[in-house]
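K.L.:
Got a predicted structure plus its sequence, pasted below:
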Amino acid sequence: MQPAVTLKVTRYRPEQEAEPTFATYEVPFREDWVVLDALNYIKDTLDGSLSFRWSCRMGVCGSCGMKVNGSPKLTCASFLSDALPGPIRVEPLDYFPVVRDLVVDMSDFMRKLKKVKPWIIRHDERPLAEGEYLQTPDQLDAYKQFSMCINCMLCYSACPIYGLEPSFIGPAAIALAQRYNMDSRDEGAPERLEILSEHDGIWQCTFVGECTKVCPKHVDPAGAIQQYKLTGAIHWLKSLLLPRGAR
Amino acid sequence: MPRSITPFLWLLFSAGGTVAALLFPIHVLLTGLAVPLGWVNAPSYESVLGLVRNPVARLYLFVFISLPLFHWAHRFRYTLYDGLQVKHLTALIVVFCYGTALAGTVMAAYLLWTIP
Amino acid sequence: MSAEARYTPYHPRWYRRRVSVWWWLQNRAYAGFVLRELTSVFVAFFAGVTLWQLWALAQGPDAHARFLACLGTPLFVALHAVAFLFVLFHSITWFNLAPTALVVRLSGQRVPDWVIVGLNYAACVVLSGAVAWIMLRGR
């Protein structure tokens, strides 16, 4: 096995340069190291000025999303051994403004997430004395997959529509809206339908399918979106043919 | 009352895509390749007319032509947006795509209604 | 974008990359996607050919014979050969993606993807057979 591997990492220091550049670093190769380990090695010993986000280093927090050799990945889940012999290119996620080095600005995504009301909406809350809302395993199964989203934004970075049309609400937001729509405890589907049927909602999606491919938690946002298109279209038909029956 | 017509256009796109997926390969093979290349005998005018005359065939052909045209219209409209990034020509693209599909539909309806 | 970097202590200048018109050549998945979308052009083409055949039929036997002759020219045979490949690609991608949009639940369980895909291919084969039989009878 080779003793070292080369990393080509994007550097962008707005106080120094107008455009991002690449810096090359030699990092020791270890079988069990991931790209995040290599980045931390660089920051600890080679260049303390390198900036990047990370937290749990085990694939549940969604902080360390970056492009590794051109594909959006969680750096804590990308083994150096899979990218041998190198050099390994590490860049910030596509389609988000780059704040510095590998750090991107997330506020667009956060805004869109909030827009779809990702919480259980009920017209009347049950009083505590009546106990908890019960759910069968099948009812849980209906939305569980969509609940696995860790907001890592890899899907946005893989979606060319989001790149071409920044107002597109995006895969994760729609998948999370579906997570609540399909939850038997939720009564907010009509509200979310209003929001998602807007011009920049689900209809912008052309089912490229890359979002599902890159999702590290197998949420299948593309599936959520296509299923929601069908729901939205059927709802449209119902409201056309049975204006009173649709409610 | 539904605000946007996009869900309807998507339904047409889906229906058209399904019709095209199920039926176009065999028809392209027969009409576009098998007959011209002589793998099967060319149909006589009378036999084609006989087939088309049937009311079920007329309906079949109407669906066969119209829905896939709307499938193309919807898909091509987005291909132009995303591929050429010509969002500023939106109105023109919409009129061209759906207009062509509508024209084809009307023409098909007219022909299939009037063929003796 | 100005060549000089500007940095204010309270808001550094973020870098926004413009998406190139050639974005779809970046990787195989994107290129495959655009190819899939372009199948619709050939779908429209053959819908048009069918419409043309109907028009020729309505005009009479001479017009129809001219239509058939035209389809026999090398240009049209080539066009149809390419159209066949694209239309087949449309069918394959359409059927393979069907389970993503069409989630069928039978007594709580989700019908497996391969069943939906398989049913679609089966329907295509059966319908194609029926069409071929109807059109080739007596030839």
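P.N.:
Perfect, I can see it now. Please read all numbers here as calculations on a predicted model, not as lab measurements.
K.L.:
residue contacts, the residue in chain B that chain A sits nearest to?
P.N.:
As assessed by Cβ to the nearest Cβ, chain A sits closest to B:P7 within chain B, at 3.7 Å. (Each C-beta comes from the backbone N, C-alpha and C, glycine too.) Neighbouring residues of B:P7 by Cβ atoms under 8 Å, 6 or more residues apart in numbering or on different chains: A:197, A:203, A:229, A:232-233, A:235-237.
K.L.:
Secondary structure of it: a strand, I assume?
P.N.:
No - B:P7: not assigned to a strand; according to DSSP: H, G, I helix; E, B strand; the rest coil it is helix.
K.L.:
How is the nearest residue to it once chain neighbours are set aside classified with respect to secondary structure?
P.N.:
Spatial nearest neighbour of B:P7, excluding adjacent residues (Cβ to Cβ, 6 or more residues apart in numbering or on different chains): A:W236 at 3.7 Å. At A:W236 the chain is in helix, as set by three-state DSSP.
K.L.:
Next one: A:W236 relative to B:S4, how far apart?
P.N.:
A:W236 is 8 Å from B:S4, where distance means Cβ to Cβ, to the nearest Å.
K.L.:
which of the two has more neighbours?
P.N.:
A:W236 (22 against 14; other Cβ atoms under 10 Å in any protein chain shown).
K.L.:
Show me where chain A has its strands.
P.N.:
For chain A, applying DSSP state E gives strands covering A:4-11, A:21-28, A:65-68, A:71-74, A:88-91, A:98-100, A:103-104.
K.L.:
Restrict the contacts of B:P7 to the buried ones and give me that as a PyMOL selection.
P.N.:
Here is the PyMOL command that picks out the buried ones among these, judged by 16 or more other Cβ atoms under 10 Å in any protein chain shown:
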select buried, chain A and resi 197+203+229+232+233+235+236
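K.L.:
can you tell me which two in the contacts of B:P7 are farthest apart?
P.N.:
A:W203 and A:L237 (15.2 Å; Cβ to Cβ).
K.L.:
Wondering if stretch B:98-109 reaches chain C at all.
P.N.:
Yes - Stretch B:98-109 is in contact with chain C by Cβ under 8 Å from any Cβ of the partner chain, via B:100, B:104, B:107-108.
K.L.:
picking up where we left off before, nearest approach to chain C belongs to which of the strands of chain A?
P.N.:
Of all those, strand A:98-100 comes closest under Cβ to the nearest Cβ, at 4.2 Å.
K.L.:
anything in the closest one near chain C?
P.N.:
Yes - using Cβ under 8 Å from any Cβ, strand A:98-100 comes into contact with chain C via A:98-100.
K.L.:
any idea which helix is longest in chain B?
P.N.:
The longest helix of chain B (DSSP state H) is helix B:55-84.
K.L.:
So for that one, what gets flagged as buried?
P.N.:
B:58, B:60-62, B:64-83.
K.L.:
ok, and what's touching stretch B:28-45?
P.N.:
Looking at what lies outside stretch B:28-45 - Cβ under 8 Å, 6+ apart - the contacts are C:46, C:49-50, C:53, C:57, C:61, C:64-65, C:68, C:71-72, C:76-77, C:79-81, C:83-84, C:87, C:131-132, C:135-136, C:139.
K.L.:
Give me the buried subset of those residues.
P.N.:
C:46, C:49-50, C:53, C:57, C:64, C:68, C:71, C:76, C:79-80, C:83-84, C:87, C:131-132, C:135.
K.L.:
All the strands of chain C, residue numbers only.
P.N.:
C:7-8, C:11-12, C:105-106, C:109-110.
K.L.:
who wins for proximity to B:L12 among the ones you listed?
P.N.:
Between the strands of chain C, strand C:105-106 lies closest to B:L12; by Cβ to Cβ that is 26.1 Å.
K.L.:
Surely C:L51 touches B:T105?
P.N.:
No - judged on Cβ atoms under 8 Å, C:L51 makes no contact with B:T105 at a distance of 9.6 Å.
K.L.:
Show me which of the two is the more surrounded one.
P.N.:
Neighbour totals were compared for C:L51 and B:T105, and C:L51 leads with 22 against 18 (other Cβ under 10 Å).
K.L.:
Could you measure from the more buried one over to C:L71?
P.N.:
C:L51 is 14 Å from C:L71, by Cβ to Cβ.
K.L.:
which one is A:W54 nearest to, not counting chain neighbours?
P.N.:
That would be A:C64: by Cβ to Cβ, 6+ apart, it lies 4.2 Å from A:W54.
K.L.:
Return the residues in contact with that neighbour.
P.N.:
Shown in contact with A:C64 (Cβ under 8 Å, 6+ apart): A:36, A:52-55, A:57, A:74-76, A:152.
K.L.:
circling back to that earlier point, among the contacts of stretch B:28-45, which ones lie close to chain B?
P.N.:
Applying Cβ under 8 Å from any Cβ to the contacts of stretch B:28-45, those adjacent to chain B are C:46, C:49-50, C:53, C:57, C:61, C:64-65, C:68, C:71-72, C:76-77, C:79-81, C:83-84, C:87, C:131-132, C:135-136, C:139.
K.L.:
Restricted to helices, list the residues you listed.
P.N.:
C:46, C:49-50, C:53, C:57, C:61, C:64-65, C:68, C:71-72, C:76-77, C:79-81, C:83-84, C:87, C:131-132, C:135-136.
K.L.:
The residues you listed also near chain A: which ones?
P.N.:
Among those, chain A is touched by none when using Cβ under 8 Å from any Cβ.
K.L.:
Which segments of chain A make up each domain?
P.N.:
A:4-104, A:107-241 (automatic domain parsing).
K.L.:
Using TSV, lay out these together with mean pLDDT and distance to B:R53.
P.N.:
Below are those laid out as TSV (pLDDT from 0 to 100; distance: least, Cβ to Cβ, whole Å):
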stretch	mean pLDDT	distance to B:R53
domain A:4-104	95	55
domain A:107-241	93	33
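K.L.:
Since that was my last question, I'll sign off now.
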